[in-house]
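Q: here is my input; please provide its structure:
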Amino acid sequence: MEVAMNPRQQLLLRKIKERNGSFPSAPNPMLRDAARFLAFTPERSLSQIRAMTIYESAKLMPLAFDPDSLLAGEHFNHFFGDDRDGGDEEKQRQLDELGDFRLAELREIARQLRSCRSAVSPGESTPGSRTGMAGGWPALPAGTGGAAPVFTAVGWVENHSVRDYGFLLKHGFGGLRRLAERQLERFPLHSCDYVRRENFLRAALAVCDAGLLFGRRHAELARQAGAAETARNCLAVETGAKSFPQAVQLLWLGHLIACADDGINANSIGRLDRLLQPYYEHDRAQNLITREEAVGWMIELAVRLYLPYDVQAITLGGVDADGKPALCEMSRIILEATERFGEIRDLSVRITSQTPDDFLMQCAKLVLKGGGIPFFFNDDCFIPALANRGVAPEDARNYAPIGCVELTIPGKANSHAVSGWFNLLRVLELTLFGGCDPRTGERLLPESPDLAGIGSWDELMRRLEQNIEYMASRMVYHCRREERNQRLFGSLPAFSLLTPSCLERGRDITDGGAEYNWHSICLLGVPDTADSLAVLKRQVFESRQLPAEVLLDALKHDFSGGEALRGQLLAGTPKYGNGDDETDRIAAELSRSFIALMDRWSEKGNRLFVHLFSFYNNVYFGEAVGAMPDGRRAGEPLAYSLSPHQGRDREGVTMLLRSLAKQPHREAGGASAAIIDLHPSLFEGSNGAGRFIALLRSALAMGVGQMQWNVVSAERLEQAKRDPEHYGNIPVRVAGYSQLFRLIPPEIQDHLIARTKHRA
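A: Take a look at the predicted model:
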């Protein structure tokens, strides 16, 4: 078997890496500004202007044919040039390259659109200082937590999706256009909802026209260059894919159009093996393609998807709608292509106890190379988590992660990924200090006694629960308020086009077009909060060996002069991640209680799914929290997701898995997450991959939900930190994504080094 890319693929990758992705070699920064100007007319709605901006971009964008690439097409600009630094003279020169445009006229259109978006209720945040395109998340609401936040609320979510690319492969943009036209004819003109539906469907038609134009322009360019097959593949935009190469090309063009709507970021591919397997089987049966050629196409797609920070997730494996194993030859082909690609790729694998050893062996060999790829989702946890929260079983079986580890149903859900972030440890800190920030004295919670005035463990837990509810209700309010604002001002026509129920209902995905609508609420700090509560329970309330007043004073002064006390807090009570039943029970109950709260506040058509995930916000949310009873110093990072606080899991990987398994993964509709750091010495010898498979199967049998495995030593990371030029190109799993170590911010590098690297 060939073990690397061929010279043509290597050359293509070098060119794409020089441009930090599949972007034009000399993009015009003002292209999107000019396209928006052409899209604007007073009679068009904001949704139609947004869709027409994609169309005008597809018309204006200078194209280039690359003979080194099997796939045609590059990304559009994902920003407005006039929002960037630069003089007016240079911006006007860039506009002149595109046509007869005047900078002052473009700015007037931008001003009018901004004024539309500022028409929100008094006291509310404006839904975005930009004009709603590509990456314009609104400003976060004020009043979320004193010296530093207890929570953040997004609500208005863009560039986090898995669209129904199978819908596009079947119909092409031409077929989707005909479906939209039929829907316009089907809805009665006199119906009260016709204007709303017409608004959406005309926007959908504009996106179809953009896809058709983009494909035809690339086909003509390829024809002129003598690349007849590429030209034929590009014309699949008209009627859908009829072959494997056409399917890959159409998917790529569709991804470019999708990302033209709201940016790349975590707009993901989904279950690629399931999407492409029918086309592969057809072409193999007709002797139109070899397996090696299919691997080559998947390497090509991986090269085209390359980004220095890549969260465009691809998912393999899992089950079909009937619950039968869905692993297929394309699963193995994509995994092989990922290994031969040799760069970081966002790849996850859905597994069960029935997943065969030969496929897990292929996964294991890739994991042991480092970088945390692929990462694993336990179907036995997440299918029930979704099905028990209103998702039809056949749809729950089709879940796929967005970006890092955010669950969705491709083409059926508006899942508002990472819509809210809740800092559990910060709420405990405020509870211990009677609702006041100990650093500023600002009151953030209703008045209540501090720890010294709390008489029992049960009273502490009752007050903590009340305070969690107090803050969480405000987070949910802000999430739903910004969802409302996005419905008014931030439609997503390209996302909606690849959501079949949106066409069926005649509604944008932000306006109730999807079959499922939920917010994914991230809960941070569970391990840290459990460690602190375990100390309080045993040392303050049960043994009474630690006076509350002494502890509060030490916390307020970040253990200054109190190292002996800090040592007692660190060593005197078992910590989460070591298999201790009492501490693990507290951690599990914290998660389960928060899930129950979000379930209680869920409504039909607007549910709240808990996501036991921190991203790298564990570092920045940790800066918000002072010293805590577990011995943690002020400002230290929180634990990553459900992983133990860095350096505290000292009883081996089996005990760590036992702690993880006690968490309510089967209730986490947004998913759970854990990074398990393993020392390379654990896998030395000829059966290293076999030992990893045994470990993975043990975690599955215990009921651990989502697993990311880092195989790296702290010494290797310290070397990379000291000398990034020579040693920094080591891929590591960071926080739901992988990245070269030298590209990671220093404070996150330190967090990665501090995490335990298990040897046994």
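Q: adjacent strands (with direction) for the lengthiest strand in the chain?
A: The longest strand of the chain (DSSP state E) is strand 516-524. With DSSP bridges as the test, strand 516-524 is paired with strand 413-414 (parallel), strand 420-423 (parallel), strand 607-612 (parallel).
Q: for the record, mean pLDDT for it?
A: Regarding strand 516-524, the rounded mean pLDDT is 98.
Q: re the thing from before, can you lay out the strands paired with strand 516-524 as TSV showing mean pLDDT and mean neighbour count?
A: From N, CA and C alone the C-beta is placed, and that goes for glycine too. As requested, those are exported to TSV (pLDDT from 0 to 100; neighbours: other Cβ atoms under 10 Å):
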stretch	mean pLDDT	mean neighbour count
strand 413-414	98	27
strand 420-423	96	27
strand 607-612	98	27
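Q: as CSV, these with distance to residue 201 would be great.
A: Converted to CSV, the strands paired with strand 516-524 look like this (distance: least, Cβ to Cβ, whole Å):
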stretch, distance to residue 201
strand 413-414, 18
strand 420-423, 32
strand 607-612, 27
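Q: just so I know, which of those lies nearest residue 252?
A: Closest of the strands paired with strand 516-524 to residue 252 is strand 413-414, at 23.4 Å (criterion: Cβ to Cβ).
Q: check which helices and strands the helix or strand of the chain with the lowest mean pLDDT sits against.
A: None of the helices or strands of the chain scores lower by mean pLDDT, DSSP states H and E than helix 724-727, at a mean of 84. On a contact count with 3 or more Cβ pairs under 8 Å, 6 or more residues apart in numbering; DSSP states H and E, helix 724-727 meets helix 714-722.
Q: report the buried residues of the helix it packs on.
A: Neighbour counts over helix 714-722 (16 or more other Cβ atoms under 10 Å) mark 714, 716-717, 719-721 as buried.
Q: so where do the helices sit in the stretch 201-350 of the chain?
A: 228-234, 236-239, 244-262, 272-285, 291-305, 329-341 (DSSP state H, counting those that start in this stretch).
Q: turn the ones you listed into a markdown table, columns for mean neighbour count and mean pLDDT.
A: As requested, the helices of the stretch 201-350 of the chain are exported to a markdown table (neighbours: other Cβ atoms under 10 Å; pLDDT from 0 to 100):
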| stretch | mean neighbour count | mean pLDDT |
| --- | --- | --- |
| helix 228-234 | 20 | 98 |
| helix 236-239 | 22 | 98 |
| helix 244-262 | 25 | 98 |
| helix 272-285 | 19 | 99 |
| helix 291-305 | 21 | 98 |
| helix 329-341 | 21 | 98 |
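Q: still on that earlier bit, of all the strands paired with strand 516-524, which one is nearest residue 377?
A: Per Cβ to Cβ, nearest to residue 377 of the strands paired with strand 516-524: strand 607-612, 13.1 Å.
Q: using TSV, lay out the helices of the stretch 201-350 of the chain together with distance to residue 20.
A: Compiled in TSV, those are given as follows (distance: least, Cβ to Cβ, whole Å):
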stretch	distance to residue 20
helix 228-234	24
helix 236-239	27
helix 244-262	15
helix 272-285	23
helix 291-305	13
helix 329-341	17
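Q: of those helices, which is nearest residue 484?
A: helix 244-262 (18.1 Å).
Q: can you give me the angle that closest one makes with helix 272-285?
A: Interaxial angle, helix 244-262 versus helix 272-285 (axes from the mean of the first three to the mean of the last three Cα atoms, to 10 degrees): 150 degrees.
Q: now do helix 244-262: distance to the chain's middle.
A: Centroid separation for helix 244-262 versus its chain: 19 Å, with Cα atoms, centre = their mean, to the nearest Å.
Q: quick check: angle from it to helix 291-305?
A: 10 degrees.
Q: sorry, back to before: so which of the helices of the stretch 201-350 of the chain is nearest residue 74?
A: Closest to residue 74 of the helices of the stretch 201-350 of the chain is helix 244-262 (Cβ to Cβ; 7.3 Å).
Q: could you measure from residue 586 over to residue 531?
A: Per Cβ to Cβ, to the nearest Å, residue 586 is found 9 Å from residue 531.
Q: now the common contact residues for these two.
A: Common contacts of residue 586 and residue 531 (Cβ atoms under 8 Å, 6 or more residues apart in numbering): residue 576.
Q: and the two? which has more neighbours close in?
A: More crowded of residue 586 and residue 531, by other Cβ atoms under 10 Å: residue 531, with 30 against 21.
Q: if we ignore the residues flanking it in sequence, what's nearest the more buried one?
A: residue 630 (3.7 Å; Cβ to Cβ, 6 or more residues apart in numbering).
Q: what helix or strand does the one you found sit in?
A: Assigned by DSSP states H and E, residue 630 falls within no helix or strand.
Q: please parse this structure into its domains.
A: Per the TED database, the structural domains of the chain span 7-117, 149-162+410-646.
Q: I'd like the ones you listed as a markdown table, with distance to residue 211 appended.
A: A markdown table is the format used below for the domains of the chain (distance: least, Cβ to Cβ, whole Å):
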| stretch | distance to residue 211 |
| --- | --- |
| domain 7-117 | 8 |
| domain 149-162+410-646 | 9 |
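Q: got the contact list for the nearest residue to residue 249 once chain neighbours are set aside?
A: Leaving aside its sequence neighbours, residue 249 sits nearest to residue 233 (Cβ to Cβ, 6+ apart; 3.9 Å). Taking Cβ under 8 Å, 6+ apart, we find residue 233 in contact with 72, 243, 245-246, 248-250.
Q: redo those residues as CSV? Include distance to residue 427.
A: Shown next, in CSV, are the contacts of residue 233 (distance: Cβ to Cβ, whole Å):
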residue, distance to residue 427
72, 52
243, 56
245, 54
246, 53
248, 48
249, 50
250, 48
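Q: what count of nearby residues applies to residue 43?
A: Residue 43, neighbours per other Cβ under 10 Å, totals 5.
Q: for residue 651, give me phi and psi.
A: With angles defined as degrees, to the nearest 10, residue 651 shows backbone torsions of phi -100, psi 10.
Q: I'd assumed residue 574 was in contact with it.
A: No: the pair residue 651 / residue 574 is not scored as a contact, 9.0 Å apart, by Cβ atoms under 8 Å.
Q: re earlier: identify whichever of the helices of the stretch 201-350 of the chain lies nearest to residue 462.
A: Closest to residue 462 of those, according to Cβ to Cβ: helix 244-262, at 43.0 Å.
Q: dump the closest one to PDB, restricted to CA.
A: Taking only C-alpha atoms (Å, rounded to 0.1, in the frame of the first residue of the first chain), the coordinates of helix 244-262 have been written out as PDB:
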ATOM      1  CA  PHE A 244     -18.200   9.000  -7.700                       C
ATOM      2  CA  PRO A 245     -16.000  11.800  -9.100                       C
ATOM      3  CA  GLN A 246     -19.100  13.900  -9.800                       C
ATOM      4  CA  ALA A 247     -20.300  13.300  -6.200                       C
ATOM      5  CA  VAL A 248     -17.000  14.500  -4.700                       C
ATOM      6  CA  GLN A 249     -16.900  17.500  -7.000                       C
ATOM      7  CA  LEU A 250     -20.500  18.500  -6.300                       C
ATOM      8  CA  LEU A 251     -20.100  18.000  -2.600                       C
ATOM      9  CA  TRP A 252     -17.100  20.400  -2.700                       C
ATOM     10  CA  LEU A 253     -18.900  23.000  -4.700                       C
ATOM     11  CA  GLY A 254     -21.900  22.700  -2.400                       C
ATOM     12  CA  HIS A 255     -19.600  23.200   0.600                       C
ATOM     13  CA  LEU A 256     -18.100  26.300  -0.900                       C
ATOM     14  CA  ILE A 257     -21.600  27.800  -1.500                       C
ATOM     15  CA  ALA A 258     -22.700  26.700   2.000                       C
ATOM     16  CA  CYS A 259     -19.700  28.500   3.600                       C
ATOM     17  CA  ALA A 260     -20.300  31.600   1.400                       C
ATOM     18  CA  ASP A 261     -23.400  32.100   3.500                       C
ATOM     19  CA  ASP A 262     -21.900  32.200   7.000                       C
END
